[in-house]
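> I need the structure of the sequence given here:
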Amino acid sequence: MTIDQDLARIELQEEMLRFDAFDLSTAWVLGKLLRDLASERNMGVAIDITLHSMPVFYIALPGSTPDNSNWIRRKRNMVLRYFRSSYASTLRLQQQGKTIEDNGLSSAEYAASGGSFPIFVNGTGCVGAVTVSGLPQREDHSLVVEALALTLGHELHNLSLA
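Residues are numbered from 1 along each chain as shown. Sure thing, here's the model as predicted:
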């Protein structure tokens with residue numbers, strides 16, 4: 001897929017993958033699903049769910065590294081800054097031939113890398129982020145989208161990146 005095609009699909013993901021409500025129980029269900037998917041596939045990732053700037057779920061699976069928590073923090077900062085998935089923001093920067101520094105952001109605090117996705121609540125907006133780190137950025141993003149689609153009861157083939 002081209003960057004334009006990926007951005008169009010991510011826009012659809014961001015429109016469709018919204019909750020009517022999101023609380024600590026929902027975070028647990030989503031986090032456990034992500035953990036189960038990653039464990040079944042032997043993915044060495046770290047998973048984080050943050051709600052209203054409060055960490056509500058975190059796990060580092062075998063094969064992940066201490067660096068993953070820093071990547072999570074920086075990817076999550078991109079989501080909470082732009083209310084878009086970190087992969088969409090990264091692709092947009094690539095499309096424009098820019099870096100995060102060109103937007104006045106520090107790479108020590110923000111990561112232009114996929115894997116973090118906004119938690120949207122209908123009628124409220126972005127209330128947090130769900131983030132995966134440890135795979136190539138497109139795969140991190142796709143794992144999060146898969147878990148969100150399953151949690152919300154959406155058909156994955158309509159939302160996944162080709």
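> so which residues make contact with whichever strand in the chain runs longest?
Across the chain, the longest stretch assigned as strand under DSSP state E is strand 125-133. Residues outside strand 125-133 that contact it (CB atoms under 8 Å, 6 or more residues apart in numbering) are 22, 30-31, 34, 38, 45-53, 56, 64, 68-69, 71-72, 75-76, 79-80, 83, 86, 115-121, 140-141, 143-144, 147-148. The way it works is simple: take the backbone N, C-alpha and C, and place the C-beta from them, glycine included.
> PyMOL command for the buried members of those?
This is the PyMOL syntax for the buried subset of those, where burial follows 16 or more other CB atoms under 10 Å:
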select buried, resi 22+30+31+34+38+45+46+47+48+49+50+51+56+64+68+69+71+72+75+76+79+80+86+115+116+117+118+119+120+121+140+141+143+144+147+148
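> which of the contacts of strand 125-133 fall within helices?
Filtering those for membership in helices, criterion DSSP state H, returns 30-31, 34, 38, 68-69, 71-72, 75-76, 79-80, 86, 140-141, 143-144, 147-148.
> list the contacts for I49?
Applying CB under 8 Å, 6+ apart as the definition, the contact partners of I49 turn out to be A27, L30, G31, P55, V56, F57, Y58, I119, G128, A129, V130, T131.
> test my guess that the second one contacts V145.
No: checked against CB atoms under 8 Å, the pair L30 and V145 is beyond contact range at 11.9 Å.
> any regions of the protein where pLDDT drops low?
Within the chain, no stretch has pLDDT under 70.
> dead centre of it: give me the residue that sits there.
Centroid-nearest residue in the chain, with CA atoms, centre = their mean: S116, separated by 2.1 Å.
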